[in-house]
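# Pasting the sequence and the predicted coordinates here, then a few questions.
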Amino acid sequence: SPGLHVVATPIGNLGDMTRRAVEVLTHADLVLCEDTRVTGKLLSVLGIPKRPLLPYHEHNAEKVRPQILAKLEQGGAVALVSDAGTPLISDPGYRIVREARDEGHKVFTVPGPSALTAALSIAGAPTDRFSFFGFVPKGQGQREKFLGEALSRGETVVVYETGPRLASTLQALGPVPVSICRELTKLHEEVVEGTAAELAGRYAEAPPNGEIVLVIHPTEQAAPDLDEVLAELMADHSVREA
Ligand code: SAM
């Protein structure tokens, strides 16, 4: 149907492609993607007939957005995918969704895999509230500020990280419990757990391959002990009385 369809695709295991995603891509008049080779290959292995593919990424978004809006204006069905997972989650798409809405076009979700929710579903960290901070910044100063903010949330924090930088991020986190969720839905899927500091050494020697989601568990805020507080108050009081 006419409108912008935001379509999730697998994060590794092709079996996670949903039937609706196949359906929508099969009938799309235009498919916006990050990399036409990646999406072209996905369509071909899924047996979806060739569709017109248009690269949409941060370097050309400004330029091609009018073209996309014109397609929507003509009543076209436009699909937006990313290389893997859910578009807009640390991936392009926010502005085209915003503008499509502002122009009164329909925007549909075709939900499915995301590394974010996949990691949270198996890390065993509290999920009643959590924060997603996206990619950890590269520079040391920025990274420390970023991680400081993450730790101050007092709730589960999820970040995306790369193998080569994992050890320094863990080092900066210190004695905090983490789950390192690697290669989710793929052959070598694993979750490695421990305190960030103890895992840092291991990964400094052998940086892990593949894709990584780092789940930082909330730590008990050193809650004041009520008995101690009362004892202190009473001590104060008796001093003043005396
Ligand atoms: N929009 C995507 C999503 O919803 O999953 C995320 C895109 S972001 C550019 C790519 C990052 O997601 C990777 O660097 C990695 O941190 C994480 N990621 C993607 N696939 C993964 C997988 N199979 N296992 C672990 N992490 C993955």
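Looks like it arrived, so ask away. Numbers count the residues shown, from 1 in each chain.
# Report the contact partners of the residue nearest the centre of the chain.
Nearest residue to the geometric centre of the chain (Cα atoms, centre = their mean): residue 116, 4.2 Å. Counting by Cβ atoms under 8 Å, 6 or more residues apart in numbering, residue 116 touches 85, 86, 89, 132, 158, 213. Where C-beta positions appear, they are placed from N, C-alpha and C, glycine not excepted.
# quick one: which of those residues sit in helices?
If you go by DSSP state H, the contacts of residue 116 have nothing in helices.
# the strands in this protein, which residues?
Ranges of strands within the chain are 3-7, 30-33, 53-55, 77-80, 107-110, 130-135, 156-162, 177-182, 190-195, 211-216, based on DSSP state E.
# need these in a markdown table with distance to the ligand and mean neighbour count, can you?
Listed next are the strands of the chain as a markdown table, based on distance: least, Cβ to the nearest ligand atom, whole Å; neighbours: other Cβ atoms under 10 Å:
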| stretch | distance to the ligand | mean neighbour count |
| --- | --- | --- |
| strand 3-7 | 11 | 24 |
| strand 30-33 | 12 | 25 |
| strand 53-55 | 15 | 18 |
| strand 77-80 | 11 | 24 |
| strand 107-110 | 13 | 16 |
| strand 130-135 | 7 | 15 |
| strand 156-162 | 3 | 21 |
| strand 177-182 | 6 | 22 |
| strand 190-195 | 10 | 14 |
| strand 211-216 | 3 | 24 |
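# could I get these as a markdown table with mean pLDDT and distance to residue 22?
Shown next, in a markdown table, are the strands of the chain (pLDDT from 0 to 100; distance: least, Cβ to Cβ, whole Å):
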| stretch | mean pLDDT | distance to residue 22 |
| --- | --- | --- |
| strand 3-7 | 99 | 9 |
| strand 30-33 | 98 | 12 |
| strand 53-55 | 98 | 16 |
| strand 77-80 | 98 | 11 |
| strand 107-110 | 98 | 10 |
| strand 130-135 | 98 | 28 |
| strand 156-162 | 98 | 27 |
| strand 177-182 | 98 | 27 |
| strand 190-195 | 98 | 29 |
| strand 211-216 | 98 | 23 |
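# give the contact list for the residue nearest to residue 29 when sequence neighbours are not counted.
Spatial nearest neighbour of residue 29, chain neighbours left out: residue 76 (4.1 Å); criterion: Cβ to Cβ, 6 or more residues apart in numbering. For residue 76, the contacting residues are 2, 29, 30, by Cβ under 8 Å, 6+ apart.
# One more pass at 10 Å, please.
2, 3, 4, 28, 29, 30, 52, 68, 70, 105 (Cβ atoms under 10 Å, 6 or more residues apart in numbering).
# And residue 146, by the same measure?
The neighbourhood of residue 146, defined by Cβ under 10 Å, 6+ apart, consists of 133, 134, 135, 136, 137, 139, 159, 169, 172.
# do residue 91 as well
34, 57, 80, 81, 82, 83, 84, 85, 114.
# same deal with residue 81?
Applying Cβ under 10 Å, 6+ apart, we find residue 81 in contact with 5-9, 21, 24-25, 28, 31-34, 38-39, 42-43, 53, 56, 87, 91, 93, 110.
# Now with 7 Å, please.
By Cβ atoms under 7 Å, 6 or more residues apart in numbering, residue 81 lies in contact with 7, 9, 31, 33, 39, 87.
# The ligand: which of the contacts of residue 91 is nearest?
Using Cβ to the nearest ligand atom, residue 85 comes nearest to the ligand of the contacts of residue 91, at 2.3 Å.
# Just list whatever residues bridge to that closest one.
For residue 85, the beta-bridge partners are residue 9 (DSSP bridges).
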